[in-house]
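**Student:** return a 3D structure for these sequence lines:
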Amino acid sequence: MNKTLYIIYTLIQISFISAGNTITQQEYFDMLIENHPLIKQENLSSKIENKNTEYFQGGQEWLFSGSSHIMRQNQMQPGAFSPDRVDISGLQFQMSRPFWNTGGRLSLSWATDFTNQHGLTPFSMALPVLDDNLNIIGVNSFDLQTSSQKFYQSNLRLIYSQPLLQNFKGTLDRLGMESSEISSDIADIQAIENQEDFLLINGLKFLDWVLLSEQKNIASERKELADLQYEQTVRKRESNLVDEIDVLRSKDAVLKADQIAMLITAQWKGLQAELAAIAQNPKILNSEPQFNLYSIVPLLTIEQGSKKLKSNSRLISALSKQQEIIGIQKIGSQELVKPQLYINSEIFLKNGDDSYNDALLPKETDYNLSLQLSFPMNNSSAKSRVAQNDLQVYQLELATQNVLLNLESALKNLLIQLEDFEQILEMNNLQIETARNKTDEELKRYNLGRGDLTFVIQSQDSEAQARLSYAQNAATYQALNLQVTALLDELLPQKIN
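**Tutor:** Residues are numbered from 1 along each chain as shown. The predicted model follows:
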């Protein structure tokens, strides 16, 4: 392998290694989304609210209840036809549920009782026999039988109650669930908003790392240039072409460049460690940021940005959802203003017998149909609640206008700054070019013995400072652009699962 091919091969290998040790901003975001507990914490908020919705949905399920009882009654003054003691025992089971589409209530119950009377005995009675003249001519005696000592009874009851005014079609029944469903949507929106704010904060930190990387490169180049200048000055001094003061000046420039490079490197390593800790990924400790700091993005007009805000803003959407909740509450308040009018129907199947088996079969049927009406005379509580809901809706409308104004004003501020920074970056480019040309001229004059090394060093420092200023302004430009992206809710457009 000749020397040229070897160099090409080495450069390819270095490029692969370098590519493997770089990390983009999106890759860093992906690490945060995968590992950071705040992302998982925010996702739980909406899941918790979803469980609350499921809780309300349980309100339309069948409800089973059962009971049993045992009772003993001792008579204080037992008579001829009353028992000394009565034992009563029984069971009751009931199934009931509301119907949210009608607002009605259905109840089906079955009950059985067993009554055992103690101390009942046949009672004998003697009556005189009279003739036509009411003279006693004899005595007739007979026994009076008491009722059975044991008695079984059972009944099956079906009841349905239907509202005709208040809660007709189950309006009040569904309020909690409908409000909870919208609250779940709000929780989703807030979770995404919090996650995006988190990514914005750390995205700005990533840009700081990018800036420090650029500053580190500039400082390293300045240090190499100072080292080279120092070596040349030492050789010239050895040849008695320059004075000792030039060597000292060159050495001082080296020390300053070393100090600046060390300071920036320390800051770079510290921020690298912080980003690695936040992402919980040690890969970052062996990586460098990959980001085009000097790229220029197409700018939106203020009109385009305002249109996007109105259609896409999560904050506006959350306030709109809040208005929906208040609207549902208002419907409930208006419903409470209505009188309570119910039509109740009941079918009652019953039977009783000395035999338990015979008592289980329905024998008699009762029917009942009734209307029930109730309402407060003034109903001031419900009416005040409706008025309160109206005020809350108006308050949210004003809050929406306020949020939209704040978002639009912030967007205009950012877009204007971005537009001006494009011009500033162009000026920075011209400044760097001018400083570089000046350095070349000062160096030529110095090498020809017509200039002073001080001017060369100052010119080199000015060139480095111009590049640092360019990098700082470029980083500010990228940060402004990142803030615009977040403000338009495009930094994290989709929900993180």
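
**Student:** quick one: low-confidence ranges for the stretch 301-450 of the chain?
**Tutor:** Applying pLDDT under 70 to the stretch 301-450 of the chain flags the ranges 356, 358-359.

**Student:** all helices for it, in order.
**Tutor:** Secondary structure of the stretch 301-450 of the chain (DSSP state H, counting those that start in this stretch): helices at 302-312, 314-337, 356-360, 380-447.

**Student:** switch these over to a markdown table; also include distance to Ile201 and mean neighbour count.
**Tutor:** Just so you know, the C-beta spots here come from the backbone N, C-alpha and C atoms, and that holds for glycine as well. What follows is the helices of the stretch 301-450 of the chain, written out as a markdown table (distance: least, C-beta to C-beta, whole Å; neighbours: other C-beta atoms under 10 Å):
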| stretch | distance to Ile201 | mean neighbour count |
| --- | --- | --- |
| helix 302-312 | 21 | 14 |
| helix 314-337 | 17 | 18 |
| helix 356-360 | 73 | 13 |
| helix 380-447 | 16 | 15 |
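
**Student:** how far away is the nearest residue in space to Leu106 that is not next to it in sequence from Thr454?
**Tutor:** Distances taken as C-beta to C-beta, 6 or more residues apart in numbering put Tyr160 closest to Leu106, at 5.1 Å, once the chain neighbours are dropped. With distances taken as C-beta to C-beta, to the nearest Å, Tyr160 is found 103 Å from Thr454.

**Student:** repeat for Ser109
**Tutor:** Per C-beta to C-beta, Ser109 is found 105 Å from Thr454.

**Student:** shouldn't the residue nearest to Leu106 be within a strand?
**Tutor:** Yes - membership of Tyr160 in a strand is supported by DSSP: H, G, I helix; E, B strand; the rest coil.

**Student:** which residues does it contact?
**Tutor:** Going by C-beta atoms under 8 Å, 6 or more residues apart in numbering, Tyr160 touches 104-107, 344-346.

**Student:** and it, what are its bridge partners?
**Tutor:** With DSSP bridges applied, the residues forming beta bridges to Tyr160 are Leu106, Ser345.

**Student:** the closest residue in space to Phe348 that isn't next to it in sequence: neighbouring residues, count only.
**Tutor:** Sequence neighbours aside, Asp366 is the residue nearest to Phe348 in space, at 4.0 Å (criterion: C-beta to C-beta, 6+ apart). Other residues within reach of Asp366 by the criterion other C-beta atoms under 10 Å amount to 11.

**Student:** doesn't Asn351 make contact with Asp366?
**Tutor:** No - counting by C-beta atoms under 8 Å, no contact exists between Asp366 and Asn351, whose distance comes to 11.7 Å.

**Student:** any idea which of the helices of the stretch 301-450 of the chain gets closest to Gly90?
**Tutor:** Shortest separation from Gly90 across the helices of the stretch 301-450 of the chain is recorded for helix 356-360, at 11.7 Å, computed as C-beta to C-beta.

**Student:** and the helices in the stretch 151-300 of the chain?
**Tutor:** Counting by DSSP H, counting those that start in this stretch, the stretch 151-300 of the chain has helices at residues 175-238, 244-279.

**Student:** and of these, who's closest to Asn378?
**Tutor:** The nearest among those, by C-beta to C-beta, is helix 175-238 at 23.2 Å.

**Student:** helices or strands up against that closest one?
**Tutor:** Judged by 3 or more C-beta pairs under 8 Å, 6 or more residues apart in numbering; DSSP states H and E, helix 175-238 is in contact with helix 25-35, helix 37-57, helix 244-279, strand 288-290, helix 314-337, helix 453-487.

**Student:** where in the stretch 51-200 of the chain is pLDDT low?
**Tutor:** Scanning the stretch 51-200 of the chain with the threshold set as pLDDT under 70 gives 76-82, 119-127, 129-134, 136, 138-148.

**Student:** what segments of it are strands?
**Tutor:** Taking DSSP state E, counting those that start in this stretch, the strands of the stretch 51-200 of the chain run over residues 63-74, 85-99, 104-118, 123-130, 136-144, 150-163.

**Student:** thinking again about what came up before, show me which of Ser109 and Thr454 is the more surrounded one.
**Tutor:** More neighbours surround Ser109 than the other of Ser109 and Thr454, with 17 against 14 (other C-beta under 10 Å).

**Student:** nearest residue to that one in space, please, no chain neighbours.
**Tutor:** If the residues on either side of it in the chain are set aside, Ser109 comes closest to Gln94, at 4.0 Å by C-beta to C-beta, 6+ apart.

**Student:** partners of the one you found in the sheet?
**Tutor:** With beta bridges defined as DSSP bridges, Gln94 has these partners: Ser65, Ser109.

**Student:** so it makes contact with Leu106?
**Tutor:** No - look at Gln94 against Leu106 with C-beta under 8 Å: they stay out of range, at 11.0 Å.

**Student:** and Trp209, how close does it get to Thr265?
**Tutor:** According to C-beta to C-beta, Trp209 stands 12 Å off from Thr265.

**Student:** of those two, give the one with the bigger neighbour count.
**Tutor:** The neighbour comparison of Trp209 against Thr265 (other C-beta under 10 Å) goes to Trp209, with 25 against 15.
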